[in-house]
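> Coordinates for the following, if possible.
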Amino acid sequence: MSKLLKLLSFILVAILAGCDGAKYPIDDPAVIKTDDRLLGKWGEKKHGHEYCCISKTDDYHYFIAMLSKKKDMVDSQTAFLSVIDSARFLNIRSENDEHVPSYMFLRIIDINAKKITVAGIKDTTLKSMNSPAEIRTYITRHLNLPAFYGDTTILYKVK
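Just a heads-up that it's a prediction; the model follows:
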């Protein structure tokens, strides 16, 4: 399975499970302006049938559509940026069937005009936190621990 498909599956599982994601984002409300370098259609080089399309909805929020032509999968979320000790995170919001929001977090390791490198936080402790301040404090403590994150995924700009 490609890393992008694993990443999309990770996001989809967080969405469908609802309760498995964190109840709160890192910041509430969003305080970091959007980074235009994230905008566009992204995918893995060797798996041209899977894409992540990111567009800007306002000065602070993104709309993310995940597409897989092969599996006929389409899903979408909203997201915004947070910064902790110069590390950038995408707070990806989804809702379960009862419209209860949950959040998953992707650390943006590197970004330029041609590629984005990200890693998802795989620590499930975040789902038991009771405020954005708790989320921020916990991530700050674990920020540089490799075991805190899942696999690294590199997405390339699709022309």
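> Verify the contact between Ser68 and Cys53 for me.
No - with contact defined as C-beta atoms under 8 Å, Ser68 does not count as touching Cys53 (11.9 Å). No exception for glycine: its C-beta is placed from N, CA and C like everyone else's.
> out of those two, which sits in the busier spot?
Higher neighbour count among Ser68 and Cys53: Ser68, with 20 against 16, using other C-beta atoms under 10 Å.
> can you tell me how far the spatially most central residue of the chain sits from Leu155?
When C-alpha atoms, centre = their mean is applied to the chain, the residue found nearest the centroid is Leu106 (4.0 Å). Distance, Leu106 to Leu155, by C-beta to C-beta, to the nearest Å: 11 Å.
> Mutual contacts of those two, please.
Common contacts of Leu106 and Leu155 (C-beta atoms under 8 Å, 6 or more residues apart in numbering): Val118.
> my read: the residue nearest to the centre of the chain touches Ile116, true?
No - counting by C-beta under 8 Å, Ile116 is not a contact partner of Leu106; they are 9.4 Å apart.
> pLDDT wise, what is Ala14 at?
Ala14 is assigned a predicted lDDT (pLDDT) of 42.
> shaky segments in this structure?
1-20, 46-48, 70-74, 96-97 (pLDDT under 70).
> residue boundaries of the helices in it?
Using DSSP state H, the helices of the chain run over residues 3-17, 132-142.
> counting contacts, what elements does the last one pack onto?
It refers to helix 132-142. The helices and strands touching helix 132-142, judged by 3 or more C-beta pairs under 8 Å, 6 or more residues apart in numbering; DSSP states H and E, are strand 73-84.
> Now do the strand it packs on: distance to the chain's middle.
Strand 73-84 has its C-alpha centroid displaced from the chain centroid by 5 Å (C-alpha atoms, centre = their mean, to the nearest Å).
> From the contact counts, what lies against it?
On a contact count with 3+ C-beta pairs under 8 Å, 6+ apart, strand 73-84 meets helix 3-17, strand 62-68, strand 87-95, helix 132-142.
> Going by contacts, tell me the helices and strands next to the second one.
Under the contact criterion of 3+ C-beta pairs under 8 Å, 6+ apart, strand 62-68 touches helix 3-17, strand 47-56, strand 73-84.
> buried ones in it?
Applying a neighbour-count criterion of 16 or more other C-beta atoms under 10 Å, the buried positions in strand 62-68 are 62, 64, 66-68.
> Nearest to Arg136 among those residues?
Nearest to Arg136 among the buried residues of strand 62-68, counting by C-beta to C-beta, is Tyr62 at 19.8 Å.
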